[in-house]
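# Have a look at this prediction, sequence included:
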Amino acid sequence: MAENDQVRGSYWLKTASSGPRPALTEDLDVDVAVIGAGVAGLSTAWELTRAGRSVAVLEARQVAAGVTGHTTAKVTALHSLIYDKLRRKRGAEGARLYARSQSEAVERMAQIVEELGVDCEWERRDAFTYVCDPGRVEDIRAEADAAREAGLPASFVTETGLPFPIAGAVRVTGQAQFHPLKYLYALTDDLVARGGRVYEDTTVLSLDEGDPCRLSTDTGATVTARDVVVATHYPIFDRALLFTRLSPRRELVVAGAVAADRDPGGMFITPDEGTRSVRTAPYGEGRRLLVITGEHFTPGTGDTRERFDRLSAWAAERFPGVELTYAWATQDNDSTDTVPLVGPLHPRTRHVYVASGFGGWGMSGGVMAGGLLSALITGQPCAWSELYDPRRLRSTVREAPQFLKHQAQVAGHFVGDRLKPPPPVESLPPGEGAVVRVDGDRLAVYRDDDGTLHAVSSRCTHMGCLVSFNAAERAWECPCHGSRFDTDGKVIQGPATRPLKRRDI
Ligand code: FES
């Protein structure tokens with residue numbers, strides 16, 4: 001793959017369109033304000049509108065243009081290897097509730113697709129978690145056993161439609177895949193038709209909790225709401241310090257068309273080789289093969305171009321002749337105990353809720369969050385509210401090793417990244433960026449294709465870690481909690497909400 005040619009955009013974003021939504025220009029008073037128009041935020045808003053609440057969705061960029069627009073869009077309750085871990089950490093009942101909540105989300109989405117008549121390439125597919133390494137087969141057997149015990153239609157198999165041998169796989173039947181943007185655009189249209197309001201290009205700057213809550217935005221308009229849902233992927237208002245319990249990871253995707261007779265006929269993921277994922281999608285006469293790698297690498301660490309090349313080589317070796325015409329990247333967060341954080345934002349809050357930490361499984365997770373948060377806000381019971389409650393203190397001891405590991409990594413970046421010798425600015429080729437020292441100051445400097453230098457502060461505006469350059473995506477990334485900035489310092493992804501300051505060079 002040619003240098004600087006890796007990121008050619010999300011297939012989903014390039015094959016679906018939606019008219020622009022207005023920015024918020026006047027003050028609003030609603031029952032519920034939802035911050036973030038990804039699958040979790042829109043599902044929550046849609047469920048609440050159906051329940052008779054007045055709802056406003058506030059999106060800093062465009063509907064579903066963030067993580068949701070860059071997913072592989074598998075709608076499944078099989079989340080790689082999770083049930084055996086859940087059974088051990090949260091007990092058989094915890095695993096059962098997780099399976100039930102995610103399965104009901106899959107079926108809720110199917111119901112919505114049918115009810116709204118959404119043309120979103122919805123297809124039922126079996127989901128597989130496989131390994132090629134015989135040394136890991138016992139992990140797969142244990143997962144199949146735990147998933148079955150949790151109530152999923154799961155079995156252990158040694159044959160799949162993949163064009164290479166495997167050592168073993170968990171198979172869960174009756175799952176689904178779809179075009180996420182076609183679905184979410186239709187959901188948004190229906191939400192608006194029912195009286196919901198959706199605003200784009202509206203960044204929420206502050207939240208005053210109270211009765212009611214008050215939000216200020218960068219357009220100057222304010223929103224008054226009884227309840228607020230923070231569904232911004234990584235919570236932008238984090239009074240519970242949830243960022244200490246979330247680890248960001250970047251994932252890369254490449255995609256190209258293969259003939260229909262080479263369709264492996266399922267949705268596949270393996271924890272081998274730092275995670276690989278395969279699914280197909282309808283595409284002209286053939287099928288588009290999507291391959292994702294989730295090497296779980298921390299944003300701002302390592303060479304993303306090398307990783308794209310490694311993923312492309314993996315895809316080409318297993319699907320010879322495939323021409324990879326799309327490539328993109330996404331980012332997700334893992335919670336310390338692998339269960340998403342969905343519920344009240346912090347122990348003392350009465351009206352502010354959060355949805356985060358979907359660990360790469362945001363399609364079923366986002367729909368589940370929509371149902372759960374809608375139930376909490378409307379005072380309905382929900383069997384799995386405790387399982388996902390961000391305040392779950394019970395599990396703190398159990399998640400301590402993961403918590404401490406994450407904090408040690410953050411501390412390592414905060415201190416260690418400052419000790420690395422910065423390169424001279426003259427050595428930067430076009431398209432590259434680095435943190436360099438200028439007059440004793442560390443600046444984040446990028447040289448564009450015309451040779452012009454762009455300098456911004458190198459200190460992340462979230463908590464001050466040093467940013468690092470991702471040349472494949474031409475972005476500054478913070479390894480501590482995953483904030484991302486464009487080459488002029490504008491926030492692409494939180495938790496940071498303020499840009500990196502422009503500096504002269
Ligand atoms: Fe937290 Fe950068 S994202 S310090």
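Cool, got the structure.
# residues from the protein in reach of the ligand?
Residues of the chain lying close to the ligand by CB under 6 Å from any ligand atom are 460, 462-465, 478, 480-483, 495-496. From N, CA and C alone the C-beta is placed, and that goes for glycine too.
# Pull out the buried members of these.
Burial by neighbour count, judged by 16 or more other CB atoms under 10 Å, picks out 460, 462, 465, 478, 480-483, 495-496 from those.
# shaky segments in this structure?
1-8, 238-240, 292-296, 299-300, 393-423 (pLDDT under 70).
# where do the helices sit along it?
Counting by DSSP state H, the chain has helices at residues 11-14, 39-50, 83-116, 137-149, 180-193, 304-318, 362-378, 385-388, 396-419.
# Just name the most buried of these.
Across the helices of the chain, averaging neighbours per residue (mean count of other CB atoms under 10 Å) puts helix 39-50 on top, at a mean of 27.
# could I get it in CSV with only the CA atoms?
Output in CSV follows, covering the C-alpha atoms of helix 39-50 (Å, rounded to 0.1, in the frame of the first residue of the first chain):
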residue,chain,number,x,y,z
VAL,A,39,-25.7,4.5,17.5
ALA,A,40,-26.0,4.7,21.3
GLY,A,41,-27.2,8.3,21.3
LEU,A,42,-29.6,8.0,18.4
SER,A,43,-31.1,4.7,19.8
THR,A,44,-31.6,6.4,23.1
ALA,A,45,-33.2,9.4,21.6
TRP,A,46,-35.5,7.3,19.3
GLU,A,47,-36.6,5.1,22.2
LEU,A,48,-37.4,8.1,24.4
THR,A,49,-39.3,9.9,21.6
ARG,A,50,-41.4,6.8,21.2
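# helices or strands up against it?
Counting contacts by 3 or more CB pairs under 8 Å, 6 or more residues apart in numbering; DSSP states H and E, helix 39-50 packs against strand 28-35, strand 55-58, helix 180-193, strand 222-230, strand 352-356, helix 362-378.
# again, only this time at 6 Å
Using 3 or more CB pairs under 6 Å, 6 or more residues apart in numbering; DSSP states H and E as the contact test, the elements touching helix 39-50 are strand 28-35, strand 55-58, helix 180-193, helix 362-378.
# Quick check, residue 466 in contact with residue 458.
Yes: shown here, residue 466 and residue 458 form a contact pair, counting by CB atoms under 6 Å, at 5.3 Å.
# okay, and the common contacts of the two?
Between them, residue 466 and residue 458 share the neighbouring residues residue 435, with contact defined by CB atoms under 6 Å, 6 or more residues apart in numbering.
# ok, back up a step: and the furthest pair within the buried ones among the residues of the chain next to the ligand?
Between any two of those, the greatest separation by CB to CB is 11.5 Å, found for 465 and 495.
# who's in contact with the closest residue to the ligand within the stretch 151-300 of the chain?
Nearest residue of the stretch 151-300 of the chain to the ligand, counting by CB to the nearest ligand atom: residue 243, 6.4 Å away. When contacts are counted by CB under 6 Å, 6+ apart, residue 243 is found next to 481, 495.
# do that again at 10 Å, thanks
234-235, 333, 356, 406, 410, 462-463, 480-483, 494-495 (CB atoms under 10 Å, 6 or more residues apart in numbering).
# How about residue 92?
If you count contacts by CB under 10 Å, 6+ apart, residue 92 has them with 83, 86, 146, 149-150.
# which residues pair with residue 324 across the strands?
In this structure, residue 324 has beta-bridge partners residue 256, where bridges are defined by DSSP bridges.
# Would you check that it makes contact with residue 252?
No: with contact defined as CB atoms under 10 Å, residue 324 does not reach residue 252; the gap is 11.4 Å.
# Between these two, which contacts overlap?
A shared contact of residue 324 and residue 252, defined by CB under 10 Å, 6+ apart, is any residue touching both; here these are 6, 291, 308, 311-312.
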